[in-house]
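Colleague: Here is my input; please provide its structure:
(one chain, ligands or ions: 1)
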Amino acid sequence: MAYDLLNGEQREIRELVRSLARERIAPRAAEIDESAEFPWDLVELFRENDLLGLPFEERYGGTGTGTLTLLVAVEEISKACATTGLILAVQELGSLALKLAGTKEQKARWVPRLASGEWLAAYALTEAGSGSDSAAMRTTARRDGDGYVLNGGKRFITNAGVAGLYTVFAKTDPEGGHSGISCFVVEADATGLEVGRIEPKMGIRGSTTGEIFLNDCRVQAGNLIGEEGEGFKLAMRILDRSRPGIGAQALGIAQGATDYALEYAKSRETMGKPIAEHQLIAAKLADMETKCEAARGLLYRYGLLADEGADGPELTKASAMAKLHCSDVAMEVTTEAVQVLGGYGYIKEYPVERMMRDAKITQLYEGTNEIQRLVIAREMVRELRSSALAVV
Ligand SMILES: Cc1cc2nc3c(=O)[nH]c(=O)nc-3n(C[C@H](O)[C@H](O)[C@H](O)COP(=O)(O)OP(=O)(O)OC[C@H]3O[C@@H](n4cnc5c(N)ncnc54)[C@H](O)[C@@H]3O)c2cc1C
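Modeller: Residues are numbered from 1 along each chain as shown. Below you'll find the predicted structure:
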């Protein structure tokens with residue numbers, strides 16, 4: 001039997017998710033891509049099978065099964081449909097502020113609705129003028145009596161228009177730079193919150209990516225997560241923990257493309273034999289499989305570290321490396337999968353075309369891969385490597 005670092009419970013969950021992905025999600029993937037409609041039927045499937053509880057503790061209605069299990073579930077779903085895998089990854093992203101910095105009361109108020117899947121979550125950091133440079137945001141939150149009044153606009157927000165709860169970052173001190181940013185929960189029906197344009201996209205087309213406008217949007221003081229001025233640090237801690245979810249989505253796309261290309265290569269014949277037996281195609285398949293397995297090593301290592309309670313620079317670096325490598329592998333492997341299928345790879349009837357388009361976003365969001373490289377190098381520069389110097 002192949003080495004498997006998952007325990008018995010994790011394998012059972014993987015089997016459940018794998019069979020749902022094969023039987024219920026894969027048959028919908030092309031249609032979701034074509035129609036660019038948010039797949040509410042698959043959210044319902046998640047609810048029925050408790051999958052939206054995977055990011056959460058048992059005491060708030062979650063499964064309490066930890067980070068590695070969540071990553072495996074996102075990977076399995078994304079093998080079939082990257083849009084649908086993203087729904088689970090963003091349930092984690094949009095609720096991490098509450099998980100990391102929410103009070104008991106705040107968790108009790110909001111987390112059960114997220115864990116049951118009644119509400120989807122969203123994370124609203126990016127603005128038109130601030131993506132990688134998120135501290136340059138212009139949205140403000142002004143203290144007013146027993147609450148705050150938010151004004152500004154967010155762009156490219158996943159789950160815009162379908163989320164029940166938005167984690168929104170805004171400047172409580174507009175002159176304060178990083179330390180002027182605070183984090184709020186804004187419920188979807190809050191007065192003054194409006195959803196703007198939903199963007200047409202290259203890939204993950206069933207996922208909504210849209211603008212959020214905050215026009216004198218009033219929230220109670222109890223919607224502030226953490227302390228005033230701690231929002232930027234919290235946003236970065238959240239991304240440390242959510243990026244591997246994108247790594248898992250990317251790895252799922254890559255493995256799905258590898259599996260499809262393999263089956264195709266075994267049945268497509270040229271010059272009297274299956275193309276899988278032509279050395280140049282066999283080498284591609286071998287490289288694709290090896291890249292996926294290496295990416296899985298980094299991703300699962302992150303999952304184990306997170307489940308052991310690791311924090312700080314070690315977690316930051318492991319997270320950035322997992323996201324960077326899984327997404328670069330997804331782009332390389334899906335491009336090769338199209339090549340293995342020849343002309344058919346370029347045709348919409350075959351899923352590798354969609355997978356190649358879906359893979360691209362994983363190098364861009366939750367911090368571009370240029371930013372991941374900056375993060376990894378920054379951590380490397382801080383590390384003490386005196387043993388290396390000793391041998392020079
Ligand atoms: C489909 C989709 C979904 C998204 N979902 C969300 C979401 O749910 N919530 C949210 O808040 N945001 C979301 N985003 C936003 C996403 O995280 C940003 O687009 C991304 O972080 C990059 O920001 P930018 O687009 O402003 O690019 P820019 O920051 O303008 O970067 C442009 C280019 O310059 C490079 N660059 C920038 N700064 C540096 C630097 N210092 N050194 C080297 N290179 C640099 C970048 O890597 C990139 O190649 C989403 C985006 C998309 C497209």
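Colleague: what are the ranges of the helices in the stretch 1-150 of the chain?
Modeller: 8-20, 26-35, 40-48, 66-80, 82-101, 104-115 (DSSP state H, counting those that start in this stretch).
Colleague: Quick check, pLDDT for the residue in the stretch 101-250 of the chain that the ligand sits nearest to.
Modeller: Nearest residue of the stretch 101-250 of the chain to the ligand (Cβ to the nearest ligand atom) works out as residue 131 at 1.9 Å. In short, each C-beta sits where N, CA and C put it, glycine included. Residue 131 carries a pLDDT score of 95 in this model.
Colleague: got it, and residue 18?
Modeller: pLDDT recorded at residue 18 is 98.
Colleague: neighbours around it, how many?
Modeller: 18 (other Cβ atoms under 10 Å).
Colleague: Hmm, residue 78 and it touching each other?
Modeller: No. Between residue 18 and residue 78 there is no contact under Cβ atoms under 8 Å: 11.8 Å.
Colleague: In contact with residue 146: list those residues for me.
Modeller: Residues in contact with residue 146, defined by Cβ atoms under 8 Å, 6 or more residues apart in numbering, are 220, 221.
Colleague: Got the confidence number for the residue nearest to residue 22 when sequence neighbours are not counted?
Modeller: Using Cβ to Cβ, 6 or more residues apart in numbering and skipping the chain neighbours, the partner closest in space to residue 22 is residue 80 (6.8 Å). Turning to residue 80, the model gives it a pLDDT of 98.
Colleague: Contact partners for residue 80?
Modeller: Residues in contact with residue 80 (Cβ under 8 Å, 6+ apart) are 21, 22, 25, 26, 29, 252, 256.
Colleague: before we move on, back to that, wait, which of the helices of the stretch 1-150 of the chain is closest to the ligand?
Modeller: helix 82-101 (6.4 Å).
Colleague: what about the closest one, distance to the chain center?
Modeller: 7 Å (Cα atoms, centre = their mean, to the nearest Å).
Colleague: do the same with stretch 25-32
Modeller: 19 Å.
Colleague: hey, C-alpha coordinates of that stretch in PDB?
Modeller: Provided in PDB are the C-alpha atoms of stretch 25-32 (Å, rounded to 0.1, in the frame of the first residue of the first chain):
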ATOM      1  CA  ILE A  25     -19.400  17.700  -8.600                       C
ATOM      2  CA  ALA A  26     -17.400  16.600 -11.700                       C
ATOM      3  CA  PRO A  27     -20.600  16.200 -13.800                       C
ATOM      4  CA  ARG A  28     -21.400  19.900 -13.100                       C
ATOM      5  CA  ALA A  29     -18.000  21.400 -13.700                       C
ATOM      6  CA  ALA A  30     -18.200  22.200 -17.400                       C
ATOM      7  CA  GLU A  31     -21.700  23.600 -17.000                       C
ATOM      8  CA  ILE A  32     -20.600  25.900 -14.100                       C
END
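Colleague: what does it contact?
Modeller: Residues from elsewhere that reach stretch 25-32 (Cβ under 8 Å, 6+ apart): 39, 41-42, 45, 77, 80-81, 83-84, 205-206, 348, 351, 354.
Colleague: ditto for stretch 100-117
Modeller: Contacts for stretch 100-117 (Cβ under 8 Å, 6+ apart): 43, 46-47, 51-53, 55-57, 60-62, 91, 94-95, 98-99, 119-121, 164-165, 183, 185, 222, 225-226, 230, 234, 237-238, 241.
Colleague: Not counting its own residues, what contacts the helix or strand containing residue 358?
Modeller: Assigned by DSSP states H and E, residue 358 belongs to helix 351-362. With Cβ under 8 Å, 6+ apart as the contact definition, helix 351-362 has outside contacts at 29-30, 33, 82-83, 201-204, 246-247, 249-250, 253-254, 256-257, 260-261, 323, 326-327, 330-331, 333-335, 337-338, 340-341, 345-348.
Colleague: Right, I'll call it a day here.
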